[in-house]
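Trainee: Sequence isn't available, so here's the structure alone:
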């Protein structure tokens with residue numbers, strides 16, 4: 001089950017986009033070469049320009065920034081190290097009156113990340129906050145190949161970009177302009193940036209709620225199944241479950257609002273039995289799937305597991321800041337920061353808020369519940 005078709009024609013990506021990738025690469029390199037203060041202003045202006053909306057400036061924002069900085073300083077006192085900073089956001093609609101919030105979330109998130117960097121580093125060598133962005137035709141199907149090519153080339157110089165359709169790239173894109181943007185190294189690029197102290201922004205759900213429910217909630221449900229023997233590859237099982245959940249039941253389209261109708265749930269139960277899951281286990285699994293499917297932002301337990309094992313457990317403290325959007329003011333809501341670190345005695349501990357109580361992290365799902373409260 002691949003990505004839905006975009007309005008890009010394959011020939012446009014191969015013959016038109018590379019020229020504008022080149023122009024975007026040059027422009028991105030010029031921006032990256034500017035002094036850090038000017039660079040940050042340019043990146044903020046780009047968010048406002050692309051979003052086409054005035055910024056939301058509220059007095060509460062300064063307090064949110066201060067709390068994030070205080071939590072980072074607390075991690076420094078506890079571990080002797082500056083934390084890796086991960087700013088997680090929701091995904092606003094791509095069309096309609098609130099589409100501008102996609103870029104306002106980025107703008108405010110980058111300001112928070114930059115304030116944490118400024119509090120703990122000398123001016124020389126400070127990085128700007130970077131985003132984890134999709135630049136494939138599926139992500140950019142609302143713009144022309146010319147605009148998409150320019151955007152992809154520029155963002156690849158300024159942020160960490162991911163092409164989820166790397167097989168559609170031309171040779172010159174794969175080897176020059178969009179090199180290393182496919183699946184192969186994207187996770188390692190994200191981890192390297194975090195360990196180097198570059199604040200990273202990413203959409204926790206990976207996309208719009210309806211896509212997140214299929215691409216993450218359903219797929220991770222399959223990955224978490226513990227079977228003594230798989231009757232077929234997990235990838236095939238993922239595709240089967242996604243097809244079941246995609247199918248409308250009357251007027252109900254499950255991915256749109258997260259509602260799984262009884263008939264669909266019965267089909268999922270039958271599918272589980274076909275995998276070898278017993279009736280006694282199926283009930284709990286179905287309840288877990290139903291509960292998470294309702295969420296517009298999935299738990300992303302596997303992502304959190306990778307971050308904990310590759311960052312926090314290796315001794316680098318981590319600060320997580322959650323931003324969510326709303327149709328009413330304040331349109332961007334910033335949750336209390338979560339600090340995660342490895343104490344001298346071993347194990348992993350965390351706190352929520354700069355003065356929150358320290359708690360041992362013993363259960364990954366329980367920690368995912370804490371992170372989910374940010375949204």
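Mentor: In hand now; what should we look at? Model, not experiment: these values are computed from the prediction.
Trainee: how about the nearest residue to the residue nearest to the spatial centre of the chain, chain neighbours excluded?
Mentor: The centre of the chain sits closest to residue 203, judged by CA atoms, centre = their mean, with a distance of 2.9 Å. Excluding the flanking residues, the one nearest residue 203 by CB to CB, 6 or more residues apart in numbering is residue 91, at 4.7 Å. In short, each C-beta sits where N, CA and C put it, glycine included.
Trainee: before we move on, what about residue 360?
Mentor: In this structure, residue 360 finds its nearest non-sequential neighbour in residue 349, 5.6 Å apart by CB to CB, 6+ apart.
Trainee: Verify the stated contact: that neighbour with residue 358.
Mentor: Yes - using CB atoms under 8 Å, residue 349 makes contact with residue 358 at a distance of 5.2 Å.
Trainee: who's more crowded, those two?
Mentor: Relative neighbour count places residue 349 above the other of residue 349 and residue 358, with 17 against 13, counting by other CB atoms under 10 Å.
Trainee: before we move on, the earlier item: across the sheet, point out what pairs with the residue nearest to the centre of the chain.
Mentor: The bridge-partner assignment for residue 203, based on DSSP bridges, gives residue 89.
Trainee: residues contacting it?
Mentor: 88, 89, 90, 91, 132 (CB atoms under 8 Å, 6 or more residues apart in numbering).
Trainee: Count the neighbours of residue 347 for me.
Mentor: Counted with other CB under 10 Å, the burial measure for residue 347 works out to 10 neighbours.
Trainee: Let me see the contact set for it.
Mentor: Going by CB under 8 Å, 6+ apart, the list of residues near residue 347 reads 360, 361.
Trainee: quick check, it in a strand?
Mentor: No - judged by DSSP: H, G, I helix; E, B strand; the rest coil, residue 347 forms no part of a strand; its state is coil.
Trainee: Tell me the pLDDT of it.
Mentor: Turning to residue 347, the model gives it a pLDDT of 94.
Trainee: And for residue 131?
Mentor: Predicted confidence (pLDDT) at residue 131: the value is 96.
Trainee: can you list the residues that contact the worst-scoring helix or strand of the chain on mean pLDDT?
Mentor: Lowest mean confidence among the helices and strands of the chain (mean pLDDT, DSSP states H and E): helix 10-15, at a mean of 84. Outside of helix 10-15, the residues that reach it under the criterion CB under 8 Å, 6+ apart are 137, 145, 168, 169, 170.
Trainee: And the helix or strand that it is followed by, what does it pack against?
Mentor: Proceeding C-terminally, helix 10-15 gives way to helix 17-32 as the next helix or strand, assigned by DSSP states H and E. For helix 17-32, the contact count by 3 or more CB pairs under 8 Å, 6 or more residues apart in numbering; DSSP states H and E identifies helix 36-51, helix 145-158 as packing neighbours.
Trainee: Check the ones you listed for me and report the most buried one.
Mentor: helix 145-158 (a mean of 22; mean count of other CB atoms under 10 Å).
Trainee: Check the burial of residue 263 by counting its neighbours.
Mentor: Residue 263 has 11 neighbouring residues, counting by other CB under 10 Å.
Trainee: same question but for residue 126, I mixed them up
Mentor: The local packing of residue 126 (other CB under 10 Å) involves 17 other residues.
Trainee: So it: helix, strand or coil?
Mentor: The three-state label given to residue 126 by three-state DSSP is coil.
Trainee: thinking again about what came up before, who touches the residue nearest to residue 360 in this structure?
Mentor: Taking CB under 8 Å, 6+ apart as the test, what residue 349 contacts is 340, 341, 342, 343, 358, 359, 360, 361.
Trainee: And the furthest pair within those?
Mentor: For these, with distances taken as CB to CB, the pair at the greatest spread is 342 and 359 (14.0 Å).
Trainee: Settle it for me: which of the two has more neighbours?
Mentor: Taking residue 342 and residue 359 together and counting by other CB under 10 Å, residue 342 has the greater number of neighbours (21 against 14).
Trainee: Tell me the confidence at residue 366?
Mentor: Each residue has a pLDDT score; the one for residue 366 is 93.
Trainee: In strands, which of the contacts of residue 349 appear?
Mentor: Counted as lying in strands by DSSP state E, out of the contacts of residue 349, are 340, 341, 359, 360.
Trainee: With residue 350 as the reference, measure out to the residue lying closest to the second one once chain neighbours are set aside.
Mentor: Beyond its immediate neighbours in the sequence, the residue positioned closest to residue 341 (CB to CB, 6+ apart) is residue 317, lying 3.8 Å away. Between residue 317 and residue 350 the distance is 10 Å, computed by CB to CB, to the nearest Å.
Trainee: Overlap of the contact sets of the two?
Mentor: 339, 340, 341.
Trainee: give me every residue that touches the last one.
Mentor: Shown in contact with residue 341 (CB under 8 Å, 6+ apart): 75, 78, 79, 83, 312, 317, 318, 348, 349, 350.
Trainee: now the first one
Mentor: If you count contacts by CB under 8 Å, 6+ apart, residue 339 has them with 71, 72, 74, 75, 78, 83, 317, 318, 319, 320, 350, 351.
Trainee: out of the residues you listed, who's nearest residue 188?
Mentor: Top of the list for closeness to residue 188, among the contacts of residue 339 and by CB to CB, is residue 318 at 16.6 Å.
Trainee: Give me the distance between that closest one and residue 283.
Mentor: Going from residue 318 to residue 283 by CB to CB gives 35 Å.
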